[in-house]
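Chemist: Below: sequence and its predicted model.
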Amino acid sequence: MSLDNFQLTPFLAGELYKDSLVDLDINQSKPQSVKSENLMYLGDNNRQILLIVDEENAVFLTDEDLNFLIGVLNACSLTVGDIALVNIWKNSSINFNRLQDNFKPAYTIAFGINLEALGFPLSFPDYQVQQYNQQLFLSAPALSILATDKKEKVQLWNCLKKMFSL
């Protein structure tokens, strides 16, 4: 037998050269750790309520804004366990599809965020409860503004009553 006619089976070739051969016909996917980083969020998302904020100076919210948010949640008979609070400042490359895939929200409330910048498929003014794709969306000013302006708080409360049937 001559080495000129020597043939390796595909299995044997793969085993012998597994560290140096690449099959270009296979769609290779990136490892999960490279595909997407885990999103940092506060809460357990038990009621599939996604809250989005943009806070540069805190991991999630400042103490004052967090206290205000907890008060709002209590008024709606909700807890931090019912929500997922995402700070877009701390989560790079975040967008609408990624939020939908990770949290599957029934409700999305954005505080002080331009939803179009996140790739949301719709745009609407603050304090307009909008239904889309079997979900309810609400956009409102930043929590720091809401906490100090009574008129803004009243508008938020009216929307929350409508959203959560309070």
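Modeler: Perfect, thanks for sending it.

Chemist: State the mean pLDDT of stretch 64-84.
Modeler: Per-residue pLDDT over stretch 64-84 has a mean of 94.

Chemist: Name the residues of that stretch that are buried.
Modeler: Within stretch 64-84, the residues scored as buried using 16 or more other C-beta atoms under 10 Å are Asp65, Leu66, Phe68, Leu69, Val72, Leu73, Cys76, Leu78, Val80, Asp82, Ile83, Ala84. Using the backbone N, CA and C atoms, a C-beta is placed for each residue, glycine as well.

Chemist: Among these, name the ones in strands.
Modeler: Counting by DSSP state E, the buried residues of stretch 64-84 place Ile83, Ala84 in strands.

Chemist: Filter the buried residues of stretch 64-84 down to the ones in helices?
Modeler: Those of the buried residues of stretch 64-84 mapping onto helices are Asp65, Leu66, Phe68, Leu69, Val72, Leu73, per DSSP state H.

Chemist: After the helix-or-strand element of the chain with minimal mean pLDDT, which helix or strand is next?
Modeler: Of all regular secondary-structure elements in the chain, judged by mean pLDDT, DSSP states H and E, the least confident is helix 32-35 with a mean of 36. Heading C-terminal from helix 32-35, the first helix or strand you meet, by DSSP states H and E, is strand 49-53.

Chemist: Can you list the strands that that next one pairs with?
Modeler: Each strand pairing with strand 49-53, determined using DSSP bridges, is listed with its direction: strand 83-87 (parallel), strand 107-111 (parallel).

Chemist: okay, which residue is most central for this structure?
Modeler: Note on the chain: the residue nearest the mean C-alpha position is Leu99, at 2.8 Å, using C-alpha atoms, centre = their mean.

Chemist: which SSE is that residue in?
Modeler: helix 96-103.

Chemist: Quick check: buried residues in that helix?
Modeler: By neighbour count on 16+ other C-beta under 10 Å, the buried set for helix 96-103 is Arg98, Leu99, Asn102, Phe103.

Chemist: Domain boundaries for the protein, per the record?
Modeler: 8-35, 49-164 (automatic domain parsing).

Chemist: ranking those domains by burial, who's on top?
Modeler: Comparing the domains of the chain on average neighbours per residue, with mean count of other C-beta atoms under 10 Å, the densest one is domain 49-164 at a mean of 16.

Chemist: what about it, start to end distance?
Modeler: Using C-alpha to C-alpha, to the nearest Å, the end-to-end distance of domain 49-164 comes out at 10 Å.

Chemist: How about stretch 121-131?
Modeler: Taking C-alpha to C-alpha as the measure, stretch 121-131 stretches 12 Å from start to finish.
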